[in-house]
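*Asks:* I need the structure of the sequence given here:
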Amino acid sequence: MKIAIVGTGYVGLVSGACFAEMGLDITCVDIDHRKIEALNAGRIPIYEPGLEEIVRRNVEAGRLHFTTDLAACLDRMEVVFLAVGTPPLEDGSADLRQVFEVARTFGRHIRRYTLLVTKSTVPVGTAQRIREIVAAELKVRGEEIEFDVASNPEFLKEGAAVKDFMSPDRVVVGVESERARKLMARLYRPFLINNFRVMFMDIASAEMTKYAANAMLATRISFMNDIANLCDRVGADVEMVRKGIGADLRIGNKFLYPGCGYGGSCFPKDVQALARTAREHGYTMQVIEAVERVNEVQKEVLFRKVKELLDNLDGRRIALWGLAFKPETDDIRKAPALVVIERLLEVGAEVVAYDPVAMDECRRRLTGKPVRYARNMYEAAEGADAVVLVTEWKEFRMPDWPRLRATMRGDAVIDGRNIFDKQEVLAAGFRYSGIGK
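*Replies:* From the prediction side, this is the model:
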């Protein structure tokens, strides 16, 4: 079975490599020549645990290929997946220009029945628009070639994307013809053999399922951050509260960890896009819009806590542990660390940062900003007035507190992810501030 996957970001590259691992012949397509050259040379452009090994193994086996020319390979494909970026526009809506450009290329060059599947996160109704674009291109050609459009949203967590693809909670597939359904069932047959849930539904429901899932998870995070902020004011411990409500089987314990806000490429843009879609249809999603507002305020919480402990921040040295929006990724899109850095620099503080994998990305994003980057967590803390834990990488979980105390100039520890034992930190001679503690 020959498949093309357009887009070699987290979704496209992981999907392509994992489909190849299942024995399919995969061609990954991207308009970025440098990225394709790097992939053909064996260099992986993103950090994702386990991905490099799978890519290398399947390239060597001849099952995984990379190209910049979608048109040239379309006539060999049975299925084409759309996995291009859909970044947010200024009004919060999803930017679908790349999606529609692929649809135009598809319509201009297919020679026989082919299935076009959206894996990118797109608003409800996008598949119908894609169908119209392809049909229009075929009409211009004066040809009648059968095709189908389907939706197969991804539910991959950055940092665990390979595992999520190979052992999914569920596979959601939206189709509108029996022919497309059979083709997708054939594609996902290995998952059916392993008794994973492959859920077929209409396309609009599949498109909505992706947004609804991310919006629900984002809602739980913002809810707990709101609870944590109230805990700070009334003297409660949010960790006790979290355990208490998480024990309720109707609620469960997932995504109930308070912190300094969510970031990344999915939750922020998907929450905004869902709210925007609702407004376009004359409806205001009050809960979802509140989720976004709470999150934007929460990204300021670490700066506020540093200011509370140190008061005047002008000339103070602040060490940041973690830059990525979550562990096991180098993704800093919408990361809370970016907000913290911006606020600290605005008031004249000196920022020294360390992250196991995301520092190069941060350098690119913050070109020209006076941020120093350290080689390890203790170097970042040398002479610091405060250490701020932003990302809960495993190597940060059990610091050598005496060594840290001897290294620092000050004594403030701000725990943005509640991973430290407060009493242990206090006993080592530090002042401690967590989230809701």
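*Asks:* show me where the stretch 101-250 of the chain has helices.
*Replies:* 126-141, 161-166, 178-187, 189-193, 203-234, 238-246 (DSSP state H, counting those that start in this stretch).
*Asks:* Out of those helices, flag the one nearest Y373.
*Replies:* helix 161-166 (25.9 Å; C-beta to C-beta). To be clear about C-beta, it is placed using only N, CA and C from the backbone, and glycine gets the same treatment.
*Asks:* Show me which positions of that closest one end up buried.
*Replies:* Using 16 or more other C-beta atoms under 10 Å as the burial criterion, the residues of helix 161-166 that qualify are A161, V162, D164, F165, M166.
*Asks:* likewise stretch 169-176?
*Replies:* V171, V172, V173, G174, V175, E176.
*Asks:* cool, stretch 349-368 as well?
*Replies:* 349-356, 358-359, 361-362, 366.
*Asks:* so where is the stretch 151-300 of the chain shaky, pLDDT-wise?
*Replies:* 192 (pLDDT under 70).
*Asks:* so who does the residue nearest to D30 when sequence neighbours are not counted touch?
*Replies:* In space, D30 comes closest to T8 once its chain neighbours are excluded; the distance is 4.3 Å by C-beta to C-beta, 6 or more residues apart in numbering. Residues counted as contacts of T8 (C-beta atoms under 8 Å, 6 or more residues apart in numbering) are G16, C28, V29, D30, D32, K35, I36, L39, P45, F66, A83.
*Asks:* Pull up the gap between the last one and P153, please.
*Replies:* Right, the one you point to is A83. 11 Å (C-beta to C-beta, to the nearest Å).
*Asks:* re earlier: next step: the buried residues of stretch 349-368 restricted to helices.
*Replies:* Per DSSP state H, helices hold the following members of the buried residues of stretch 349-368: M359, E361, C362.
*Asks:* wait, the second one sits on I332?
*Replies:* Yes - using C-beta atoms under 8 Å, E361 makes contact with I332 at a distance of 5.1 Å.
*Asks:* what residues do these two have in common as contacts?
*Replies:* L323, A324.
*Asks:* Could you chop the chain up by domain?
*Replies:* 2-210, 238-437 (automatic domain parsing).
*Asks:* so which of the ones you listed gets nearest T219?
*Replies:* Using C-beta to C-beta, the domains of the chain put domain 238-437 closest to T219, at 4.9 Å.
*Asks:* Run the chain-centre distance for that closest one.
*Replies:* Put simply, domain 238-437 sits 16 Å off its chain's centre (C-alpha atoms, centre = their mean, to the nearest Å).
*Asks:* any idea where the strands of this structure begin and end?
*Replies:* Taking DSSP state E, the strands of the chain run over residues 2-6, 25-29, 64-67, 79-82, 114-118, 147-151, 170-174, 197-201, 317-321, 350-354, 371-373, 386-389, 412-415, 431-433.
*Asks:* Just the CA trace of stretch 118-130, in PDB.
*Replies:* Extracted as PDB, the C-alpha positions of stretch 118-130 are listed here (Å, rounded to 0.1, in the frame of the first residue of the first chain):
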ATOM      1  CA  THR A 118      -7.000  15.400   6.600                       C
ATOM      2  CA  LYS A 119      -4.800  14.600   9.600                       C
ATOM      3  CA  SER A 120      -4.100  18.300  10.300                       C
ATOM      4  CA  THR A 121      -6.400  19.800  12.900                       C
ATOM      5  CA  VAL A 122      -9.000  21.700  10.900                       C
ATOM      6  CA  PRO A 123     -12.300  23.400  11.700                       C
ATOM      7  CA  VAL A 124     -15.600  21.600  11.000                       C
ATOM      8  CA  GLY A 125     -16.500  21.900   7.400                       C
ATOM      9  CA  THR A 126     -13.000  21.900   6.100                       C
ATOM     10  CA  ALA A 127     -13.300  18.500   4.400                       C
ATOM     11  CA  GLN A 128     -16.300  19.800   2.400                       C
ATOM     12  CA  ARG A 129     -14.300  22.800   1.300                       C
ATOM     13  CA  ILE A 130     -11.400  20.500   0.300                       C
END
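*Asks:* now it, how far from the centre of its chain.
*Replies:* 19 Å.
*Asks:* and that stretch, which residues are buried?
*Replies:* T118, K119, S120, T121, V122, P123, V124, T126, A127, R129, I130.
*Asks:* pLDDT check: weakest of the contacts of T8?
*Replies:* Least confident of those in the model: P45, at 88.
*Asks:* check contacts around it.
*Replies:* Going by C-beta under 8 Å, 6+ apart, P45 touches T8, L13, K35, A38, L39.
*Asks:* give me that answer again for 6 Å
*Replies:* K35, A38 (C-beta atoms under 6 Å, 6 or more residues apart in numbering).
*Asks:* State the distance from it to R63.
*Replies:* P45 is 20 Å from R63, by C-beta to C-beta.
*Asks:* what does R375 give?
*Replies:* From R375 to R63 the distance is 39 Å (C-beta to C-beta).
*Asks:* between the two, who's got more neighbours?
*Replies:* More crowded of R375 and R63, by other C-beta atoms under 10 Å: R63, with 19 against 9.
*Asks:* I figured the more buried one was touching A20, is that so?
*Replies:* Yes - using C-beta atoms under 6 Å, R63 is in contact with A20, at 4.2 Å.
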